[in-house]
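A structural model of the following input is requested.
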Amino acid sequence: MVQPNPTGTLPDAQQVGNADVEWDRFDSKAYFDYNYGSLRPDDAAIIKIVADFFATATRGNWRGRAIDVGTGANLYPALTMLPYCSDVTLFERAHSNREWLKHELIEPSKSWLEFWNAVADDRTPYTPIGDPLDLLHQRARVRRGNVFTLQPGQYDIGTMFFVAESITTRTSEFRRAVGRFVDALRPGSPFAAAFMRDSSGYVVGDQLFPACSIGNEEASEALAPMARNVEILDVASSDLREGYCGMMVATGFKKR
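Numbers count the residues shown, from 1 in each chain. The predicted structure follows:
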């Protein structure tokens, strides 16, 4: 069972920080099997928001450098950027996740085609891609990295799904992670970020991981210094696990 974290009840310094967690123990297979073995309605709703946004924001007529921050065992954020990138960096801290990703790119699970069908559904930029998993294999590079070490102005499009609020209980680290993500983009670049709402922590395999309890206001405040034209949409979700109150998707552009 997920135990609530102490967000809001202890000083920031006394909470669980990102550096306190043994991320290399993350059970990638257990996470994938539970979350992405098939397409859930909440992920389908997120895909619609993000794929529609990117199709409009990019006008489907260019390819740049893409990054997915904290990829974990999840390929669908990268798939949403596939028509718009010449290469995509899967930026991941945990050794277990990096090894999983390298294998998954070579021998992808069948469920990703279900996710791709939701991504490509009636969207012109995606329909010419005949073999999305092979194309992702060609364009993706798995890179070891911590969100807090991202360098400014390196990428033209970006995603970060369930990362900033799911690596710490400290609101200061949540805000810093969001800022680093957006700042890693070039001015004017589009992005999409997904967050768990009011998360109290989560279990993967037999390990409990920390989370920061946030809502729309906290997400908006974290994005405001770096982003413009931000829209935050709620996604209904209640049956994934205990200890959360739905999801949010934020889209926007890095300030010029």
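
pretty sure Ala19 belongs to a strand, no?
No. Looking at Ala19 with DSSP: H, G, I helix; E, B strand; the rest coil, it is helix, so not inside a strand.

for stretch 57-77, measure first residue to last.
Distance between the two ends of stretch 57-77: 16 Å, counting by C-alpha to C-alpha, to the nearest Å.

and the residue nearest the centre of the chain, how far is that from Asp68?
Nearest to the geometric centre of the chain sits Phe161, at 1.6 Å (C-alpha atoms, centre = their mean). Taking C-beta to C-beta, to the nearest Å as the measure, Phe161 falls 8 Å from Asp68. C-betas here are computed from N, CA, C, even on glycine.

can you list residues touching both of those two?
Residues within reach of Phe161 and of Asp68 at once, by C-beta atoms under 8 Å, 6 or more residues apart in numbering, are Pro77.

any idea where the helices of the stretch 101-250 of the chain begin and end?
When assigned using DSSP state H, counting those that start in this stretch, the helices of the stretch 101-250 of the chain occupy the ranges 111-120, 132-139, 171-183, 216-223.

hey, which of those helices is tucked in deepest?
helix 171-183 (a mean of 22; mean count of other C-beta atoms under 10 Å).

what is that helix packed up against?
Counting contacts by 3 or more C-beta pairs under 8 Å, 6 or more residues apart in numbering; DSSP states H and E, helix 171-183 packs against strand 157-161, strand 190-196, helix 216-223.

now it: average pLDDT?
Helix 171-183 shows a mean pLDDT of 98.

pretty sure Leu82 sits against Ile129.
Yes. Leu82 lies in contact with Ile129 (C-beta atoms under 8 Å); the separation is 6.3 Å.

more crowded one of these two?
Leu82 (23 against 17; other C-beta atoms under 10 Å).

show me the contacts for the residue nearest to the centre of the chain.
Taking C-beta under 8 Å, 6+ apart, we find Phe161 in contact with Ile46, Asp68, Gly70, Asn74, Pro77, Ala193, Ala194.

now, among those, which is nearest to Ser213?
Comparing the contacts of Phe161 against Ser213 with C-beta to C-beta picks out Ala194 as the nearest, at 15.9 Å.
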